[in-house]
Every structure is written in structure tokens, then in C-alpha cells.
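# Fold the following and give me the result.
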Amino acid sequence: HSAAAARHDTARATRALREGGALIVKDRHPLLWADYHQPLAEYLIEQAHWQEADDLLGEILDIREEHATTHPAELAGALLTWSKLLLDTAKFQGAHDVARRAAEIFGEISPPDAMSRAGAQSNQACALYEMGQIDQAEPIFARTLEFHETVLGQHDPLVAVSLNNLAKIHQEKGRLRQAETMFRRALAIQEAVYGAHHGKLVNRLDNLAALIETSGRVEEAEALHRRALGILESAYGTRHPRVAQSLSNLGLLLTRAQRFAEAEVFLRRAVEIDRECFEPDSIRNVLALNNLALLLHETGRLQESLRLYERAVKLVMRYHLVYQHPSRHEDHVMANCSGVLWDMGWDDAAVMRHLGGLRQEVAQDLRHRHE
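Alright, predicted model coming up:
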């Protein structure tokens, strides 16, 4: 499968691993079975086959836990893969805890695996970032970047990943010049390593586009978003959740540029793909819903906009109640929902009552599910 993977042909690599794995009797050769199937789980995650990946990782982890005393590094590796799945499926607290355990094991084995430990710590920081704990994530990202540059040099793909992660922190904190420099450096590294059309470039392209749009360079930002979308559709087809995220990014830019008809096509596609790929209660649905609602708000379709904003608000409220901390999108979504209510003529007290009512609905639904 290595040749197929090198060409980023994950579907072909997945088929090869399935066929090979079927030849291994799990009960007779459990460690070999786990060794062979872990790359399959990683490809399934990349292709957004999350339930199948979760089921497979459950079996792999059972084997790894049983042999943890003699094969601790393999357990840590499986935990690291699991943390990636949890990040992709927006189970951020779980991702944080699993990645932290992996990092601890990588640090305790003899000799310690410093490179894998840095990867696990990076996943831990990604979870902190997604949970809005920016100040806790920043020093971990900074240490990881320093480690990768020291050990691997200035032009390794892992350096690009670390640059991208730290750049997002700089952007969140308004340090836009530093963020742009890091995003551009990360993109240049990965273009040199993978070429101009590889899926690994997409996050760099979208992040850089979002940043430079804020400085008014809309045409450049649009070109980067369209390039990212083209790469993703070529690599994964038109119904992948990463395609939905790229569509939503491009649609938001076009909305801000008042190119509403174009934007609506992209944003409705994004919402539809998310609906196919994620559970209805997943926080991953929020951005596409919010961005389409924003367009509807801007074009005067207030009732339809409100319905979408209410769905997004319920998702961030549910996330807050379940995980006991807000998502990093909560304030933005709540403010947008309040804005459309004000434009419909509601006063502040009515808006607060309405939001309180939505919170009660979410809390009641959660209680019923646990009864």
C-alpha cells in the first residue's frame, strides 16, 4: 500500500489494506493483526469513515491494552490515532485526554520517543484550541515548533504543521503579521515537499486566505480558497466534510463581498454535506449553518435565517452543557442570532428570553436522553 499512499491515493491504499488484513487471523496473530489494521484506521479517518474507524480502533486498542506491558509504544501509537479521530469528530475533551495519555507513554518508554511525544502533545494542544483554551494551547504549540525545527531543520513537513498551529494562535490574538508570515512559510514548505496539488496544502491555503481577507485582499483570498476547494474535490470527491468546510469558507468570503447568488450555492452545498457526514448534534455542523444564516440575514430572509441560527445556537448550547465549557464558536453564533432578532424588531429582554428558552429546550432534551 505504500506506493498508493505516496501518491495520496488513499482509496486504493484502503482497499489494499482491507484485502491484506483479511488474510490475517486475529485470534491467532493479534499483534500482527493490529499492526496491519492501524494504517487502515488512519486512512478511514482521512476519508471520514469515522464509525468504521472507531470500531476498528476499538479492536486495536483492546489488543494494545492487553499487551501494554511488553509493547507500550504500540499502545501509545494507537492512542495517538484515536486522538486524531476524536479531533475530527469534535470530541475535543476526549481527544485532549487520550493525546495526553499517549504523550505520557511516549515519554516513559525506554528510550523515550520524543518525536511521537511531540505529535501527541500537538494533538492535545489542538483540542485545547478547539475548546477555546487559547492561552493553554499556545505554549505547547510554541514548544512543538521549536522541537521540530531543532530536530528536523527548517523545511520538514512537521515544521509546517507546527507553524500552522502556532499561526492560528497569533491570528486569534490579533498578531496578524506574525500569523501571515507563519502561514506563508508553512505553505511554502509543503508545496516544496508535496507539490502544488496535494491535499495536505488545503488547511494552509484556507487559513492564509481567511487571514488575508481581513486585510482587504479579497481577490487573493478568493483565489486561495478556490485552489483549496479544487484540491479537495480532486482528492476526496464532492461529498467529503473537508470539502464542505472549504465550500463554507468560500461562501463566507463571497457573502462578505456581496456576491450573494454565488455564495448561496456554495453555502447550501456545505450544509447538505455536513448533514450527510455528521450526527445532527455534532458541533461540526455549526459553521456551515452559521454562514448560510448570515447570507440569508444579509439578503433580508430573516425568518429562514433565524431558523438556521437557532439550530446553530442549540448546537453550541448543547456542547457547552455536555462538556461543561463553551465551544470557541459560541459567542459568535449567539451574537449573530441576537442580531437577526433585533433586526426583526425584538427588544433586548425578548431576545434574552428567547435564547433562554432555547437553552431550556436543549437541557430538557439532554435529560430525556439520559433517562
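# Alpha carbons only: can I get stretch 13-26 in CSV?
Presented in CSV, the C-alpha positions along stretch 13-26 are these (Å, rounded to 0.1, in the frame of the first residue of the first chain):
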residue,chain,number,x,y,z
ALA,A,13,-4.4,2.1,-0.2
THR,A,14,-7.5,1.4,1.9
ARG,A,15,-8.6,-1.4,-0.5
ALA,A,16,-5.1,-2.9,-0.4
LEU,A,17,-5.1,-2.9,3.4
ARG,A,18,-8.6,-4.4,3.6
GLU,A,19,-7.6,-7.3,1.3
GLY,A,20,-4.3,-7.9,3.1
GLY,A,21,-5.9,-7.7,6.5
ALA,A,22,-8.5,-10.3,5.6
LEU,A,23,-5.7,-12.8,5.3
ILE,A,24,-4.6,-12.4,9.0
VAL,A,25,-6.4,-14.4,11.7
LYS,A,26,-6.9,-12.0,14.5
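# pLDDT averaged over that stretch - what is it?
Taken as a whole, stretch 13-26 has a mean pLDDT of 82.
# next one: that stretch to chain centre, how far?
Using CA atoms, centre = their mean, to the nearest Å, the mean C-alpha position of stretch 13-26 is found 28 Å from that of the whole chain.
# what does stretch 182-195 give?
20 Å.
# Counting neighbours, which bits of that stretch end up buried?
By 16 or more other CB atoms under 10 Å, the buried positions in stretch 182-195 come out as M182, F183, R184, R185, A186, L187, I189, Q190, E191. To be clear about C-beta, it is placed using only N, CA and C from the backbone, and glycine gets the same treatment.
# Show me which of these is closest to Q303.
Nearest to Q303, judged by CB to CB, of the buried residues of stretch 182-195 is F183 at 38.6 Å.
# My understanding was that the closest one contacts N207; is that so?
Yes: F183 lies in contact with N207 (CB atoms under 8 Å); the separation is 5.5 Å.
# got any residues that touch both of these two?
Residues touching both F183 and N207 by CB atoms under 8 Å, 6 or more residues apart in numbering: N164, A167.
# Go ahead and confirm L79 touches R101.
Yes: if you go by CB under 8 Å, L79 and R101 touch, sitting 5.8 Å apart.
# I'd like the buried residues of stretch 182-195 laid out as JSON lines, including distance to E65 and secondary structure.
JSON lines is the format used below for the buried residues of stretch 182-195 (distance: CB to CB, whole Å; DSSP: H, G, I helix; E, B strand; the rest coil):
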{"residue": "M182", "distance to E65": "38", "secondary structure": "helix"}
{"residue": "F183", "distance to E65": "39", "secondary structure": "helix"}
{"residue": "R184", "distance to E65": "43", "secondary structure": "helix"}
{"residue": "R185", "distance to E65": "40", "secondary structure": "helix"}
{"residue": "A186", "distance to E65": "36", "secondary structure": "helix"}
{"residue": "L187", "distance to E65": "39", "secondary structure": "helix"}
{"residue": "I189", "distance to E65": "37", "secondary structure": "helix"}
{"residue": "Q190", "distance to E65": "35", "secondary structure": "helix"}
{"residue": "E191", "distance to E65": "40", "secondary structure": "helix"}
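# Which member of these is positioned nearest G339?
F183 (29.6 Å).
# any idea how far H148 is from the closest one?
According to CB to CB, to the nearest Å, F183 and H148 sit 16 Å apart.
# Spell out, range by range, the helices that occur in the stretch 201-350 of the chain.
Taking DSSP state H, counting those that start in this stretch as the criterion, the stretch 201-350 of the chain contains helices spanning 202-213, 218-236, 241-256, 260-277, 286-298, 302-323, 330-343, 348-370.
# okay, the most centrally placed residue in the chain: pLDDT?
With distances taken as CA atoms, centre = their mean, D88 lies nearest the centre of the chain, 4.9 Å away. The per-residue pLDDT reported for D88 equals 91.
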